[in-house]
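>>> just a sequence and a predicted model for now, questions to come.
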Amino acid sequence: MSQRYFGTDGIRGTVGRSPITPDFMTRLGMAIGSVLRDSASGAARPAVVVGKDTRVSGYMIESALEAGLLAAGVDVHLCGPLPTPGVAYLTRALRLSAGVVISASHNPYPDNGIKLFSASGEKLSDALEAAIEARLDAAPTCLDSDRLGRAYRVEAAVERYVEFCKSTLPSDFDLRGLRLVVDCAHGAAYDAAPRVFRELGADVVAMGHQPDGFNINAGVGATHPEALSQAVTTHRADAGVALDGDGDRLIMVDADGTVIDGDQLLYVIAADRQRRGLRDAGVVGTVMTNLGVEIALRRIGIELRRAPVGDRHVLAMLQQLGWCVGGEGSGHLVCLDQHSTGDGIIAALQVLRAMRESASRLDALLAPVGLLPQVLINVALQTSGRPPVETLESEAVRAAVRHVEAELGPDGRIVLRPSGTEPVIRVMVEGRDEHQVKRCAETLSDAVRGAA
């Protein structure tokens, strides 16, 4: 079934506009609750944990969701601001039916949204999302008082998540002697992230750790690593760690201030696992993963498979292949033997472990990776225009693709895809010559604009 509300990463939009409104969130809570209640085994009442990032709208959405869930007979465990992977962890640790995250990830503060996790701490399946959507059209109902859910506050939620992150490393591992700049994006990891690295012994310079409800992702974090780059050189740090608003993305900066994206970090993690004798058959990237990373991995005997863009697609392919490590350039990095979902803090710890145990700087670990020039252009769509699929299938766009493919030859790649979170079509071109790549990307973007 075609889903109206759930996109590639849950439900997301501008607060005050459908569907990010109090009445919808109450109905969504009821719909989630009714699906969980119908699928519950035995007489046990379903229970969920609800976490959020630091947006001011989180209070409103949390209350509305809570009301809907309670009305549907579901117990609600509130944990307050906590990174998305922290909510996934608590869902498993508390043996709950589902996890709910109130966040719009890397988007600015006027946006917000909902992400859902299953009892196993994994992104909710398409089938369950479809079942929830099917209940949204039903008239709101409220169970009798003796069947209503109860609300609880999760004690020490941040502390529990911090201990979990640290537990992914050997008990004798520490970061003593390393100076790190940690950028929390004024988001959900503002408390947890500095604690993790400090408790492991690092000298931590925190930034983006003073949320006010409006400054999430504003000029800081994984989507704005320039500020971190400057801070690393100013403080003469060994590395910088940048998370996004909900803490599931990681971008890093080396000691010279160079920004290291998720593609490159994927190589560092995979190569270090091989050094430690963890013989993974391969890793999963996406159609956007730089060809230079694939070539570097191939040189050390590690295969790269490409999934569609989106961490849920990376996860699905990892599970299908039985592999552990995957990720994408935006910084969603997954180590399935450490956590059930992508986690920015845990991924950073894996990279820092590689640095510490090899006694190498981050730039040295990346020396084997020669990135190919890659240009990404976001072509904005008019909401009243042609659907993205029709635009991409137009003859003008097809002709432009054929022309560019012929010009690039076998050393180039093209990816055209609609965004799952914004009304844009992403145009990516990769090849050996930077000027040629830019020109070809502009040619394709012009064709897409003309057909939209």
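Here it is on my side, so go on.
>>> give me the buried positions along stretch 84-92.
Buried residues in stretch 84-92, defined by neighbour count with 16 or more other Cβ atoms under 10 Å: 84-92. C-beta: built from backbone N, CA, C; applies to glycine.
>>> take those residues and keep only those in helices.
Secondary structure from DSSP state H places 84-92 of the buried residues of stretch 84-92 in helices.
>>> nearest to A452, of the residues you listed?
T84 (32.3 Å; Cβ to Cβ).
>>> quick one: that closest one and T341 touch, right?
Yes. Using Cβ atoms under 8 Å, T84 is in contact with T341, at 7.4 Å.
>>> what do those two both touch?
Contact criterion Cβ atoms under 8 Å, 6 or more residues apart in numbering; residues bridging T84 and T341 by contacting each: D248.
>>> just curious, which of the ones in helices among the buried residues of stretch 84-92 is nearest to R135?
Of those, the one sitting nearest to R135 (Cβ to Cβ) turns out to be T91, at 20.7 Å.
>>> nearest to V401 among the buried residues of stretch 84-92?
Looking across the buried residues of stretch 84-92 and measuring by Cβ to Cβ, the closest to V401 is T84, at 35.5 Å.
>>> can you pull the contacts of the closest one?
51, 101, 103, 105, 115, 188, 246-248, 341.
>>> reformat these as CSV; add pLDDT and distance to E62.
Output for the contacts of T84, formatted as CSV (pLDDT from 0 to 100; distance: Cβ to Cβ, whole Å):
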residue, pLDDT, distance to E62
G51, 98, 9
V101, 98, 11
S103, 98, 11
S105, 95, 17
K115, 96, 14
A188, 98, 13
D246, 97, 14
G247, 98, 17
D248, 97, 19
T341, 95, 21
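>>> who wins on neighbours among these?
A188 (36 neighbours; other Cβ atoms under 10 Å).
>>> isn't that one right up against R249?
No. Contact criterion Cβ under 8 Å: A188 and R249 do not qualify, at 11.5 Å.
>>> next one: the least confident helix or strand in the chain by mean pLDDT to chain centre, how far?
Lowest on mean pLDDT, DSSP states H and E among the helices and strands of the chain sits helix 388-392, with a mean of 85. Relative to the centre of its chain, helix 388-392 is centred 26 Å away, using Cα atoms, centre = their mean, to the nearest Å.
>>> remind me what that helix packs against, helices and strands.
Helix 388-392 sits against strand 413-418, strand 424-430, helix 434-451, with contacts defined as 3 or more Cβ pairs under 8 Å, 6 or more residues apart in numbering; DSSP states H and E.
>>> in the stretch 1-150 of the chain, which spans are strands?
11-14, 47-52, 75-81, 98-102, 111-117 (DSSP state E, counting those that start in this stretch).
>>> thinking again about what came up before, tell me which residues in the least confident helix or strand of the chain are buried?
388, 391-392.
>>> distance to L148 added to the residues you listed, as CSV?
Rendered in CSV, the data for those read as follows (distance: Cβ to Cβ, whole Å):
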residue, distance to L148
P388, 43
T391, 48
L392, 48
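>>> tell me how many other residues crowd L116.
If we define neighbours as other Cβ under 10 Å, then L116 has 22 of them.
>>> which residue is the nearest non-sequential neighbour of it?
L124 (4.1 Å; Cβ to Cβ, 6 or more residues apart in numbering).
>>> shouldn't that neighbour be in contact with S118?
Yes. Here L124 reaches S118: they are 5.5 Å apart, a contact under Cβ under 8 Å.
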